[in-house]
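**Student:** Have a look at this fold, sequence not included:
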């Protein structure tokens, strides 16, 4: 069984007790194994996010399409069937759809994607990690916070616990407390290092440290999930 097969088996909880114990020892002692595991979880979380986004788009279409059909029906009954009328009606519906999308997804430095905390984080971990992860994914950030803090404090080497604790602090309007959490993650070589540049920049901005915010936002790589958010933040700093 190669490393990635072991990771998959660990996540799906199909390892024997002895194999599980050995794999957890490797997670604690071998940085390469730990990074491969974190990369796997991060990829899984991103996939979950995109699947949720696709489901949301389908739901939006389901809402808009009946409204659009009804709008066309009413306009067709009340107005002459000329090409100009049809174009105006189509434009009105299109504008309404764009406005609806704008209301649902406003441009703001606080409008940033948050990948779900993978449930696998809690397997074999503390009850605090499990409870905190579930609450975090339900966007109950205030309730999740003490659990995630306990999970992060209980294992200072767990960069995933630290990352989600930091995000939870930010979500509960505590950027000053979150900033050192992300700055510590910047010193790691984990899958969360690049993301932490954006979150550290946002925390610095919210606490009035503009030069520090600019430094961290500029460091967000162009291929990172949060690059566009970092660019938006830099425009506010200009």
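**Tutor:** Noted; the coordinates are in hand. Predicted, not measured: the structure shown is a model, and the values here were computed from it. Residues are numbered from 1 along each chain as shown.
**Student:** residue ranges of the helices in this structure, please?
**Tutor:** The residue ranges that make up the helices of the chain, judged by DSSP state H, are 3-11, 17-29, 31-78, 83-104, 127-137, 141-154, 159-171, 175-186, 193-206, 210-218, 227-237.
**Student:** Least confident of these, on average?
**Tutor:** Among the helices of the chain, helix 83-104 carries the lowest mean pLDDT, at a mean of 45.
**Student:** domains of this protein?
**Tutor:** As assigned by automatic domain parsing, the chain contains the domains 3-38, 51-104, 122-237.
**Student:** What is the neighbour count of residue 180?
**Tutor:** The number of residues packed near residue 180 is 12, by other CB atoms under 10 Å. Quick note: C-beta positions are derived from backbone N, CA and C, even for glycine.
**Student:** ditto for the one 10 residues further on
**Tutor:** Look at residue 190: counted by other CB under 10 Å, it has 21 neighbours.
**Student:** Ok, the one 3 residues further on next?
**Tutor:** Residue 193 is surrounded by 15 other residues when neighbours are defined as other CB under 10 Å.
**Student:** In contact with it, which residues?
**Tutor:** Applying CB atoms under 8 Å, 6 or more residues apart in numbering, we find residue 193 in contact with 185-186.
**Student:** ditto for residue 168
**Tutor:** By CB under 8 Å, 6+ apart, the neighbours of residue 168 are 132, 136, 141, 144-145, 148.
**Student:** By neighbour count, which of those wins?
**Tutor:** When neighbours are counted by other CB under 10 Å, residue 132 leads the contacts of residue 168 with 31 neighbours.
**Student:** looking at it, it is touching residue 152, isn't it?
**Tutor:** No: using CB atoms under 8 Å, residue 132 is not in contact with residue 152, being 9.1 Å away.
**Student:** Pull the most distant pair out of the contacts of residue 168.
**Tutor:** 132 and 141 (10.0 Å; CB to CB).
**Student:** ok, so what distance separates residue 178 from residue 162?
**Tutor:** Residue 178 is 10 Å from residue 162, where distance means CB to CB, to the nearest Å.
**Student:** Likewise for residue 190?
**Tutor:** Remark: distance between residue 190 and residue 162 (CB to CB) = 9 Å.
**Student:** do the same with residue 218
**Tutor:** According to CB to CB, residue 218 and residue 162 sit 23 Å apart.
**Student:** can you check residue 31 too?
**Tutor:** Using CB to CB, residue 31 is found at 16 Å from residue 162.
**Student:** Comparing the two, which residue is more hemmed in?
**Tutor:** Legend: neighbour count by other CB under 10 Å for residue 31 and residue 162, higher for residue 162 (24 against 11).
**Student:** Was I right to think the more buried one contacts residue 187?
**Tutor:** No: here residue 162 does not reach residue 187: they are 11.2 Å apart, not a contact under CB under 8 Å.
**Student:** in stretch 221-231, what counts as buried?
**Tutor:** Across stretch 221-231, burial judged by 16 or more other CB atoms under 10 Å covers 225-227, 229-230.
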